[in-house]
Every structure is written in C-alpha cells, then in structure tokens.
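Asks: The sequence isn't on hand, but the structure is:
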C-alpha cells in the first residue's frame, strides 16, 4: 500500500537541511509513496534547489508560515502558532490528506498539538510515547517515555495494549511478550500502581510475562516494556548519558598518546563495527500512540540518516493500518471487560 | 580514629571466600582498625586457615549459627533467623561493639533487619539506599536506589539532607550541589511529588541546583542526585544492563575473526585502561542512610576487591562521624522549619 506522509520540514535542530534530504532519500527507496513537505516555501524550495531536486506530485510543498521554537512552551505553540509547520502537518493527518506525520520539533509542543488536533482513540485516556531500543537479542519496544508523569494502573494497561499492537504491526509478531517495569521480579515488589497494573495485565488477553527490572530492558527479556512516563523518560535519558560517557572515555583512551592512537587505528574497523551495532540513529522515531492519527517524533538532533529512519517508521505504521488495529484491540478488551463485569454482577 | 567493623562473613554469592580475604586485605591497609567476622565459626576458621591467617585482637570471630539465603523473604529472615550472621553483625552495631557493619547478603532482608534492630534517626521517616556512580567529571552520589517505592516530597527532602551529609563526610565537600531527578529542567515539569519536593528543597539550606534529567547523572551535573527508590532502582539497573550489553558487544566484535583478535591484542592496554576507568567494583558499597547505625550493603556478586571497597566505605563513614552529622543536619532543619512556621503563625 502506498502512503502519503506529512513532514514538518522546519522542525529539529537542523530544520530543512536534514528533513528534506531525508525525505528525498526516502522517496528513492519508496517511489510509490508521497511526501508533503510542510513549512515556509522559500526555505523548502531553496533546500530542494541545493539538492538539485524538483517538487512534483510525489514530493509536494504545503505552505505554513510559522515555526515552533525548540524551547517554546507547548501552550504558546498551540495557541499562538496555528499556521506552524508542525500544526499544519498534523492538520493534514486530521483531514486525511496524509496517513501520518513526522516532526523533529519540540516534543511538548508536538504532543500538545497532536492531542488537541487529533484527539485520543475511543477507550484510550492518554496518548503515550513509544520507542525502540537495541538489546542483546535484537530490539525492545518501550513506553511511555515521557508523555505521562502520573499514571494509574489502567493507563499502564492501555499502554500495554497499544504497545503490543505497535510491536505486532512493525515486527509482525502476533503475540508479543509484555514486561511491566518494576524493581524486582516478585509480585509483591513495586509501588501500588505497578502492583495493580500487574493484576490488570494478568487478567487481559495480552501475553503478559510479568515484572521485569531495569537490566531486563537491554537483555531483551520481553518484546515490550511498559512503565509510566516519568520512569521511562529517566531510564531512557540515563542510558543516553551512560552511552555518551562510555563512548567519550573510549575515545579519550585511544587518543592518549602515540601508541594508543596507533592501536586505535588498527582497531578502527572493529570499533566501527561496534558503533554500527549500537547506532542509536537506527532507532530514531518515537511513536505517539493512542491518537486518532499517526504521529512520529524524531530526535531534535537527528541527522539525515536518523530522520529517514523516523519517516520509515511512520510509513510502516500507516501501511500496517496500526490505528485500526489499536482501535480493534481496545474495543475487544472493553467488550470482554464488560462481559466479565456483567458476569460478576 | 580507629574503628571496629562487623562483617557478615556468610553473606553474598561467594560467602567467606570473598568476605574474609577482603577483610584480611583491608586490615593490611588499615592495621589500626578492628574487624569482627560474624558467622559460622567452622566456616570462618577454615577460610582463615586457607589464607594462612590467624584470628587475633584485630581480627576477631563472633559466632552466629544461621545464614540468610540470598532469595529469602525479608520477613522470614527477620522473624525466623535471629542468630543469622547478618542479624548478629547488625546487633553488634546496635550494642556499640562495632561502629559499622558490612554485608553482601540479600538487600531486602538486610534493610528490614537493620531497620528493625537499629531504628531510624529522629526526624527521619524512612531509611534510604545511597551509592556512588562514575561520571565524566568524577563521581556522583545517588539516592534512593530502591528502599522506598512510594515517596512523599518530604521523604525526598530527607533523602537530600542525608545524601548531602554523606557526600560532605566521604568527599569533604562542604556544600555539595543537589539535583532533583526529573524529566525536564523546567520547574513545571514532572509529577506532583517532584514539584512539591523542589519547593521544599528551594526553602532548605541545601545547595539545591534544581531539576536534573537522567543524562545529567553521568554528566556529573551535581554532586548528589535525589529520587524515589522506584525511579532510582530502575535507573541503576538499566545502566547495569546497558553497560553489560555494550561490554558484551565490544568483546564479540574483537573476537569475530583472526584480524579482529589481533587488533584486540594490540588494543588490549587501551581497552584495559578503559575498563579500569569504569570499573564498577570501585563503587561497590551502598550506604543505608537514616538509621541509628552505619550499614553498608555490598553487591551480592562482589569479588574480593569490590568487597574491600565496601568495607572502606563503611569505615570512612564511621571515621567521619556521619551519623552525628546527619542527626545535627536534620535537627537544625527541623528547628529552622519550626521557627519559620511560628513566624508565619
């Protein structure tokens, strides 16, 4: 199935110099798809000229006169910039002109705008942010990564439903295992919300593995890890910090003196293979789940390769009809719960 | 000042084969100190014989007939094993025969027993677990790492008070910077508890830096990072998992074929320097803060070097009179708060 994708061309630390080359590269790989570049026409045209590429039916320009700043308050962006590239890209999803949108713009503003414009799916209280991380065995999907700081057990269950559907759509795993992030694998461990969430998950039709701990994320113990947005965001950023520190130390040690530099030169192909293996750019693209439309958030500092990965993720979600699957999954679960409650009553 | 340390000789994955050699090595370095090896006399004596070391006034044996299992439930250990090596080591701290105790035994049982036997300091509601991590700049102290899963803002403030005192005692920093772990640096970010805790911290006499994010931990943005035990435990274990995965990948890449093995051989001194730099064994030894006695928990899988580091930490806390400092700090803060409240009323 060919899809149409709306790209917030102005978003991110590098704006059009990253988003547009990435879109052009994407279209080379998927020539049947259509990309709508949303933003200030002059800026978009100038970048296209620099690339020697012409706009056309498969690479359209859609004007938007404003740009949301990377540090702008979500409410200011939402209320004050109704013609921002971010907002217009989301509007195109709302109107059905695009099947998904991708932005590297500021996360808070993107979530607030997407939630306001698209609304949540029936049966979903709050959207969540899901992303993939590399593991020893392959990859793991994790949510929520920062959209919800105070969650109930019911919210965590909804995250698990949505995340399972995402994993099934993107990885074609029919029944992904779900881990609940906790501080011990025993049932008695954890805070009250997590204990209740475990109960709900055990009663659901999801493939609930049980509690997992922080180290299980990178072990690849489960296909999906569910947590509240506070914990998820801290875990994600902590790993970013550690990876940066370790990478920096390794570089420093290899640059210490003439001998270590020579050793570094000899080890270069191995170090590069290692780098490729843990290249976080491949995992770029966080899915905003639970909205009536597909929105993928790229890291603000993404380069061309990373941003193209985010576009691919959005396209894949659209192609796989992920929204419909989530709706069906949630509806089925509500239906079964009603039956159970009526049975009990 | 010379100190007497009670060692749970039976605790940990390796029991006496790690705890006793570590104690013997420690005494070589600090011959003025005294170590009391607590556990089953036969087992202790047999290990001492194997090491060719004799017990004496500076290396005493104190009998305890039971051992707490690494997976035993805290309540079962607390109620059922009143003569365990763990319990008796803590009893020695309670009676004043030892200034501190060290155990590599199961965390839950150790915390439950320590709390039951020693009780909390006046003005402290709950003990917390603090530990050091390496950073780009040096090291950071972080708490709580898992003792408290549901915390109030007041608890977080108490953690900050205790952690600051620990950093001052161990690093001789008079006014350590305190970061509150959050999901954004702005004041409006985070969950309700964290927002309230920031208010309390701003009103305290601590050197409050403000909110920090997960990546700030390893950047070394602040001397101390405060969080609830759920978040802290997840962050800690997530980093353990990531470090293990990255180390494993690096090893695999260097073992891939004859060429990469040769490159690994040449790069060995550099890789070893890197390993030494991030050697987590140097950071072994988590402090249980807020109790009327010093208890240091070693990682269960600690080796001799790591366990000796935990003993050193306990000795340092005792030498620096950390308990008195915490008590004074908490008392001063309660006093000032009362004054403020009376002033307001």
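Replies: Structure's in. What do you need? Given the structure is predicted, the values throughout are model-derived calculations rather than measurements. Residues are numbered from 1 along each chain as shown, chains lettered A, B, ... in the order given.
Asks: Model confidence score at residue A:280, please.
Replies: On the pLDDT scale, residue A:280 is placed at 86.
Asks: Same check on the one 3 residues further on?
Replies: The confidence metric pLDDT takes the value 92 at residue A:283.
Asks: surely it meets residue A:312?
Replies: No. The pair residue A:283 / residue A:312 is not scored as a contact, 11.5 Å apart, by Cβ atoms under 8 Å. No exception for glycine: its C-beta is placed from N, CA and C like everyone else's.
Asks: burial of residue A:336, as a residue count?
Replies: When neighbours are defined as other Cβ atoms under 10 Å in any protein chain shown, residue A:336 has 13 of them.
Asks: meant to ask about residue A:277, not that
Replies: 14.
Asks: doesn't residue B:250 make contact with it?
Replies: No. Using Cβ under 8 Å, residue A:277 is not in contact with residue B:250, being 9.3 Å away.
Asks: In the stretch 151-300 of chain A, where is pLDDT below threshold?
Replies: For the stretch 151-300 of chain A, applying pLDDT under 70 flags the ranges A:185-188.
Asks: Show the residue spans covered by the strands in it.
Replies: Listed in chain order, the strands of the stretch 151-300 of chain A (DSSP state E, counting those that start in this stretch) span A:177-181, A:207-212, A:224-226, A:286-289, A:294-297.
Asks: which helices and strands does the second one pack with?
Replies: The helices and strands touching strand A:207-212, judged by 3 or more Cβ pairs under 8 Å, 6 or more residues apart in numbering or on different chains; DSSP states H and E, are strand A:177-181, helix A:192-203.
Asks: looking at the ones you listed, which is buried most?
Replies: Mean neighbours per residue, mean count of other Cβ atoms under 10 Å in any protein chain shown, is largest over the helices and strands packed on strand A:207-212 for strand A:177-181, with a mean of 25.
Asks: Direction included, what does that strand pair against?
Replies: strand A:207-212 (parallel), strand A:224-226 (parallel) (DSSP bridges).
Asks: tilt between that strand and helix A:192-203?
Replies: Angle, strand A:177-181 to helix A:192-203, by axes from the mean of the first three to the mean of the last three Cα atoms, to 10 degrees: 160 degrees.
Asks: chain center to strand A:177-181, what's the gap?
Replies: Taking Cα atoms, centre = their mean, to the nearest Å, the mean C-alpha location of strand A:177-181 is offset from the chain mean by 18 Å.
Asks: which residues are contacting it?
Replies: A:156, A:160, A:163-164, A:194, A:197-198, A:201, A:206-214, A:216-217, A:221-227, A:231-232, A:235, B:234 (Cβ atoms under 8 Å, 6 or more residues apart in numbering or on different chains).
Asks: For the residue most central in space within chain A, which residues are in contact?
Replies: Residue closest to the mean C-alpha point of chain A, counted by Cα atoms, centre = their mean, is residue A:286 at 0.9 Å. Contacts for residue A:286 were tallied using Cβ under 8 Å, 6+ apart; they are A:129-131, A:145, A:296-298.
Asks: Let me know the angle separating the longest helix along chain A from helix B:192-203.
Replies: As assigned by DSSP state H, the longest helix anywhere in chain A is helix A:229-254. Here the directions of helix A:229-254 and helix B:192-203 differ by 60 degrees (the same axes, to 10 degrees).
Asks: Say whether chain B is contacted by helix A:229-254.
Replies: Yes. Using Cβ under 8 Å from any Cβ of the partner chain, we find that helix A:229-254 touches chain B at A:229-231, A:233-246, A:248-250, A:253-254.
Asks: circling back to that earlier point, the residue nearest to the centre of chain A pairs with what?
Replies: On the basis of DSSP bridges, residue A:286 is bridged to residue A:297.
Asks: For the closest residue to residue A:57 other than its chain neighbours, grab phi and psi.
Replies: Leaving aside its chain neighbours, residue A:57 sits nearest to residue A:34 (7.2 Å; criterion: Cβ to Cβ, 6 or more residues apart in numbering or on different chains). Note on residue A:34: its backbone torsions stand at phi -120, psi 140 [degrees, to the nearest 10].
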